[in-house]
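In: could you work out the structure for the sequence below:
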Amino acid sequence: MTNERTANLLAILDDDTSFQLALQDMLEAEGMSALGFDSAEQFLRSEIRHSAACLIADLRMPGMSGLELQVRLNAERCAIPIIFLSGRGDIPTTVKAMKEGAIDFLTKPVEKSLFFAAVDNALKKDRLVRRKARENEELIARYRSLTPREREVLPLLVSGLLNKQAAGELGITEYTVQIHRGSIMRKMKADSFASLVRMAGKLNPDESERG
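Out: Reported below is the predicted structural model:
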């Protein structure tokens, strides 16, 4: 797991500077890079939420709390995994944080083995989210390479219509539909019709049409 850890940048958010630095030293001792922040507002100004693989955040701080920051990030569709640390945790707060998608909720002083287990889980989630995002971007790029007519033909084909039926819907010949079908398969890099159906099912129409 060490190599996978060292390729990532982590963010530490805690208004207790001494604790913040202690965590940073502990992470860097394991070969990881970490940046510290004193407040949620400072963290948001940094834009690091778009590049960091994990956010380790205190629950209660002056100004915006950790939970309020979590809600803000979720609203922005920022998928950075969050590990909450607190000396005053309680069950309702823990439940709310986990429902909002927190990776873990640990109490201070944190046990090292539990802390790094949570960090490893966060890094795994970050890798999965980023991989899915790349795959989605590639899928959208393939879809955008289709001609306007091919984009009309695609949903008809994956809905189960035969070439002849799709041709009737669009007022074109069956042979023309066959040509479009072959071009769609090639441009979408689908190795089978079943894979094309799965790809089409993953497309978000609004997102795919932008750009």
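
In: all contacts plus neighbour counts: C-alpha atoms, from now on.
Out: Fine.

In: ranges for the strands of the protein?
Out: 9-13, 33-37, 54-58, 82-86, 104-107 (DSSP state E).

In: contacting residues around the residue lying farthest from the centre of the chain?
Out: The C-alpha centroid of the chain is most remote from residue 173, which lies 42.5 Å away (CA atoms, centre = their mean). Applying CA atoms under 8 Å, 6 or more residues apart in numbering to residue 173 gives the contacts 164, 167.

In: residue 164 versus that one, what's the distance?
Out: To residue 164, residue 173 is 8 Å away according to CA to CA, to the nearest Å.

In: report the angle between the lengthiest helix in the chain and strand 9-13.
Out: In terms of residue count, the longest helix belonging to the chain (DSSP state H) is helix 112-144. If you take axes from the mean of the first three to the mean of the last three CA atoms, to 10 degrees, helix 112-144 sits at 120 degrees to strand 9-13.

In: who does helix 112-144 touch, helix- and strand-wise?
Out: If you count contacts as 3 or more CA pairs under 8 Å, 6 or more residues apart in numbering; DSSP states H and E, helix 112-144 packs onto strand 54-58, strand 82-86, helix 205-209.

In: now it, how far from the chain's geometric center?
Out: The offset between the C-alpha centroid of helix 112-144 and the centroid of the whole chain comes to 6 Å, using CA atoms, centre = their mean, to the nearest Å.

In: residue 98: neighbour count?
Out: Residue 98 has 16 neighbours, counted by other CA atoms under 10 Å.

In: apologies, that question was intended for residue 108.
Out: Residues near residue 108, counting by other CA under 10 Å: 12.

In: how about it: what's its closest non-neighbour residue?
Out: Of all residues not flanking residue 108 in the chain, residue 87 sits nearest, at 4.8 Å (CA to CA, 6 or more residues apart in numbering).

In: switch the strands of the chain over to CSV; also include mean pLDDT.
Out: Formatted as CSV, those follow (pLDDT from 0 to 100):
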stretch, mean pLDDT
strand 9-13, 95
strand 33-37, 94
strand 54-58, 95
strand 82-86, 91
strand 104-107, 90
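
In: out of those, nearest to residue 93?
Out: strand 104-107 (9.5 Å; CA to CA).

In: got a list of what residue 28 touches?
Out: residue 34.

In: quick check, pLDDT for it.
Out: We note a pLDDT of 92 for residue 28 in this prediction.

In: what about residue 62, neighbour count?
Out: For residue 62, the count of nearby residues is 11 (other CA under 10 Å).
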